[in-house]
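Trainee: need coordinates for the below:
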Amino acid sequence: MRTSIQFLGERPHEVQNFQEELKKWLISVASERGFQIRRLVYHFVNNEASRRLNFDFLAHDYPTDIITMDHSQERGLEVELFLGYQIIAENAKAFSVAFSDELDRVIVHGLLHCIGFDDKTETEFDRMKAEENICLISRPKSLLER
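Mentor: Numbers count the residues shown, from 1 in each chain. All right, here's what the predicted structure looks like:
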């Protein structure tokens, strides 16, 4: 099965100029956890689109950083993710981290959800955060230098 990873919509330059590095990293994250990416599509959307999607699919009337639609079967990942880049930028500022670091955390967060990690309880949240940190440490040097 062929691997397809796409970044669509209003892509920030941290994605647009580093797509190949991001793809290699995401493939590595999935394969190290026993999964294969079949189709992974990241849609970058503004606050209005994020709010609309969040309302339509989750009945939440506010914009969010990520909405994950998982169509995977067994260990073959087929996922569409909608990233609210404006919320990601706001969160980066609020957490005093670089936009690229917060962006990468959200990108891998969605993938980890599809691999089986969750964050609904405090224990799950802590486990998810720890796994995100492991993934972030494994980023290629080129992504760290953006």
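Trainee: all contacts plus neighbour counts: C-alpha atoms, from now on.
Mentor: OK.
Trainee: can you list the weak-confidence ranges in this structure?
Mentor: Scanning the chain for pLDDT under 70 picks out 1.
Trainee: now do the strands in it.
Mentor: 4-9, 36-45, 66-70, 76-84 (DSSP state E).
Trainee: and among the ones you listed, the most buried is which?
Mentor: strand 76-84 (a mean of 22; mean count of other C-alpha atoms under 10 Å).
Trainee: how big is the angle separating that one from strand 4-9?
Mentor: If you take axes from the mean of the first three to the mean of the last three C-alpha atoms, to 10 degrees, strand 76-84 sits at 10 degrees to strand 4-9.
Trainee: and strand 76-84, what does it pack onto?
Mentor: Helices and strands touching strand 76-84, by 3 or more C-alpha pairs under 8 Å, 6 or more residues apart in numbering; DSSP states H and E, are strand 36-45, helix 47-58, strand 66-70, helix 99-115.
Trainee: what lies in contact with that strand?
Mentor: Residues from elsewhere that reach strand 76-84 (C-alpha atoms under 8 Å, 6 or more residues apart in numbering): 35-47, 50, 63-72, 106-107, 110, 114-115.
Trainee: and the angle from it to helix 47-58?
Mentor: 130 degrees.
Trainee: gap between residue 123 and residue 33?
Mentor: Shown here: residue 123 relative to residue 33, a distance of 20 Å by C-alpha to C-alpha, to the nearest Å.
Trainee: please disregard the earlier target; I meant residue 61.
Mentor: Residue 61 sits 34 Å away from residue 33, going by C-alpha to C-alpha.
Trainee: so who does residue 45 touch?
Mentor: Neighbours of residue 45 in contact, by C-alpha under 8 Å, 6+ apart: 9, 10, 82, 83, 84, 85.
Trainee: nope, residue 11 is what I meant
Mentor: Per C-alpha under 8 Å, 6+ apart, neighbours of residue 11: residue 44.
Trainee: for the closest residue to residue 27 other than its chain neighbours, give the beta-bridge partners.
Mentor: What sits nearest to residue 27 in space, not counting adjacent residues and going by C-alpha to C-alpha, 6 or more residues apart in numbering, is residue 37, at 6.5 Å. Taking DSSP bridges as the rule, residue 37 bridges to residue 77.
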